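Engineer: Here is a sequence with its predicted model. Questions after.
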Amino acid sequence: MKINFRISIVVTTLVLVSLTAVADDYEPDIVEFNEQTGLSFAGHPAFNMGEGGTVEFWVAPGWQTDPGYDPVLLSSETDDDFSLVLSMLGDKTGLTIQTRDNYGEVSFDFSDGTMHHVAVVSLDGTTLVMVDGQPLDELTLGLPNEVPTTLWMGSINGEDLPFVGAMGGFRIWDAAIELEELVVFALLDPLDPEFPHPDLSALSAFSDLTNDTIEISDFLWAEESEELSVTALVEASE
């Protein structure tokens, strides 16, 4: 699959010029998923976005005809039930978010073969979905406020409703990130020392799917006596 990244919102020329050199050195960890390559990760407090949080990633579907189900991009479960399921519609016309008790759907055309930047921002019981820098809809549902026992990428449970296509660049934030910052940093490394993300202290986790890992940010989860870094890994299980 040819990967073409897209950010359609216009930000100021001054910001873009100042970040050009940084952007040239960064590429998201995009990988190809097929029906057998979904990833499973052990749960961690970094994956809880219920009190206000953001998840962002890049995605492009790779199937040609509607598979007859909605392929799952991201899902999580607790001890007794699925707590969050984020899917793309089988006809590529939008996204769905399902929690224990609520369901929401937003429309967007993903059929052009281009990588699109998706951001899901949750705060105070509402969830805003944004694609390519454009807010699509604010859903009257919040993300579950609980630590999942398992997090999956590319399926609902490691096997069923598989996603086929390219996906990666996952970032999980323990805050509702401003839309302008999501746009500016979509193709920038938030950890770059020359231009760090202004909300870096809220970065909970980010993916390194080329190595089948999620890196947990010590900015939130380290002990006070420990030096802050990004060293903890959650590795995908088979």
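Structural biologist: Received the coordinates, thanks.
Engineer: residues of stretch 120-130 that come out buried?
Structural biologist: Using 16 or more other CB atoms under 10 Å as the burial criterion, the residues of stretch 120-130 that qualify are 120, 121, 122, 123, 127, 128, 129, 130. C-beta coordinates here come from the backbone N, C-alpha and C atoms, glycine included.
Engineer: Ok, stretch 93-101 next?
Structural biologist: Neighbour-count burial for stretch 93-101 [16+ other CB under 10 Å]: 94, 95, 96, 97, 98, 99.
Engineer: Low-confidence stretches in this structure?
Structural biologist: Across the chain, the ranges flagged by pLDDT under 70 are 1-25, 80, 218-238.
Engineer: quick one, helices of it?
Structural biologist: Remark: helices assigned in the chain by DSSP state H are 13-24, 179-184, 218-221.
Engineer: which secondary structure elements does the second one contact?
Structural biologist: For helix 179-184, the helices and strands in contact under the criterion 3 or more CB pairs under 8 Å, 6 or more residues apart in numbering; DSSP states H and E are strand 115-123.
Engineer: which helices and strands sit right next to the strand it packs on?
Structural biologist: strand 5-6, strand 53-61, strand 126-131, helix 179-184.
Engineer: ok, the second one: who's next to it in the sheet?
Structural biologist: Paired strands of strand 53-61, with direction, are strand 115-123 (antiparallel), strand 165-173 (antiparallel) (DSSP bridges).
Engineer: possible to save the ones you listed as a markdown table with distance to residue 153?
Structural biologist: Converted to a markdown table, the strands paired with strand 53-61 look like this (distance: least, CB to CB, whole Å):
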| stretch | distance to residue 153 |
| --- | --- |
| strand 115-123 | 13 |
| strand 165-173 | 7 |
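Engineer: Now do the closest residue to residue 136 other than its chain neighbours against residue 171, distance only.
Structural biologist: Leaving aside its chain neighbours, residue 136 sits nearest to residue 106 (4.4 Å; criterion: CB to CB, 6 or more residues apart in numbering). For residue 106, the distance to residue 171 equals 20 Å [CB to CB, to the nearest Å].
Engineer: what does residue 56 give?
Structural biologist: 5 Å.
Engineer: measure residue 142 to residue 213 for me?
Structural biologist: For residue 142 relative to residue 213 (CB to CB), the value is 28 Å.
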